[in-house]
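# Fold the following, please.
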Amino acid sequence: MKDLSDLRKSYERAELEEAAAASAPLLQFETWLHEAIAAKLPEPNAMTLATVGGEGRPSTRVVLIKGCDARGIVWYTNYYSRKGQELAGNPFAALQFHWVELERVVRIEGRVEKVSEAESDEYFRSRPLDSRLGAWASPQSQVIASRAILVANAAKAAAQHGLHPSRPPHWGGFRLVPDSWEFWQGRASRLHDRLRYRLQPDGQWLRERLAP
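Numbering: from 1, shown residues only. Here you go, the predicted structure:
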């Protein structure tokens, strides 16, 4: 294997100073997300979700953000999946966005709750037909004998539900309600900018700089 110790990059694209940062983390996040979209980055809406199971073992996977407002960050999944089961037992999680080309990272931590059934229904109806059928076809995170099982399940779901499948009761949205945000901007000489926002008991956000 190639010597990985020589892989280095100097970060020099931008800076993150307190004077230019938003006073509230949601505003800062929306600014960065819109800039990532405008830059036409590959899947700027992709985020890593970290959960912790009953044995204290963390696990991560990439999911897609599907909503963002003052209530929190939303994504959708199978509630019987590993992440769904882990969140049922431990409703705290962390999210991370990594926009490599912009040399930026956003980390978000908080409590997780299910979105309302009405919200899940509305989003499910907006999905392409094959994705809606796939939600019925895939026993997510379970061991299956082969891909043929998925194909057969999808065909069965299509025959059973037709062109207007309803949302499976085991499929829906989660919302992470943030109590901590961190914005990381790469800088030269590894002297990166890190601004953290922590939610205070009075509902206000405390902004503080962290050493890189």
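# ranges for the helices of this structure?
Under the criterion DSSP state H, helices of the chain are mapped to 25-38, 82-89, 117-126, 129-137, 147-161.
# Give the buried residues for the shortest one.
Meaning helix 82-89. 82-87 (16 or more other Cβ atoms under 10 Å). All C-beta spots, glycine's among them, are computed from the backbone N, C-alpha and C.
# longest strand of the chain?
In the chain, assigned by DSSP state E, the strand with the most residues is strand 171-185.
# elements contacting it?
Where contact means 3 or more Cβ pairs under 8 Å, 6 or more residues apart in numbering; DSSP states H and E, strand 171-185 is packed against helix 25-38, strand 72-78, strand 104-114, helix 117-126, strand 193-199.
# on that earlier part again, include distance to D130 when you put the buried residues of helix 82-89 into JSON lines, please.
Shown next, in JSON lines, are the buried residues of helix 82-89 (distance: Cβ to Cβ, whole Å):
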{"residue": "R82", "distance to D130": "23"}
{"residue": "K83", "distance to D130": "22"}
{"residue": "G84", "distance to D130": "22"}
{"residue": "Q85", "distance to D130": "26"}
{"residue": "E86", "distance to D130": "27"}
{"residue": "L87", "distance to D130": "26"}
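# residues in contact with the residue nearest the centre of the chain?
Centroid-nearest residue in the chain, with Cα atoms, centre = their mean: M47, separated by 3.8 Å. Residues in contact with M47 (Cβ atoms under 8 Å, 6 or more residues apart in numbering) are 62-65, 73, 75, 95-97.
# now do I65
45-47, 73-75.
# Check the burial of R61 by counting its neighbours.
14 (other Cβ atoms under 10 Å).
# scratch that, E55
E55 has 5 nearby residues by other Cβ under 10 Å.
# distance between stretch 200-210 and the chain's centre?
22 Å (Cα atoms, centre = their mean, to the nearest Å).
# Roughly how far does the residue located most distally from the centre of the chain sit from L133?
In terms of distance from the mean C-alpha position of the chain, A159 ranks first, at 32.6 Å (Cα atoms, centre = their mean). Separation of A159 from L133 (Cβ to Cβ, to the nearest Å): 10 Å.
# Mind checking the helices and strands packed on strand 171-185 for the one nearest to S146?
Closest to S146 of those is strand 72-78 (Cβ to Cβ; 19.5 Å).
# Around A19, how many other residues sit close by?
A19, neighbours per other Cβ under 10 Å, totals 4.
# Torsion angles phi and psi at it?
Main-chain torsions, A19, degrees, to the nearest 10: phi -60, psi -30.
# With respect to I144, which of the helices and strands packed on strand 171-185 lies nearest?
I144 sits nearest to strand 72-78 of all those, at 13.6 Å, using Cβ to Cβ.
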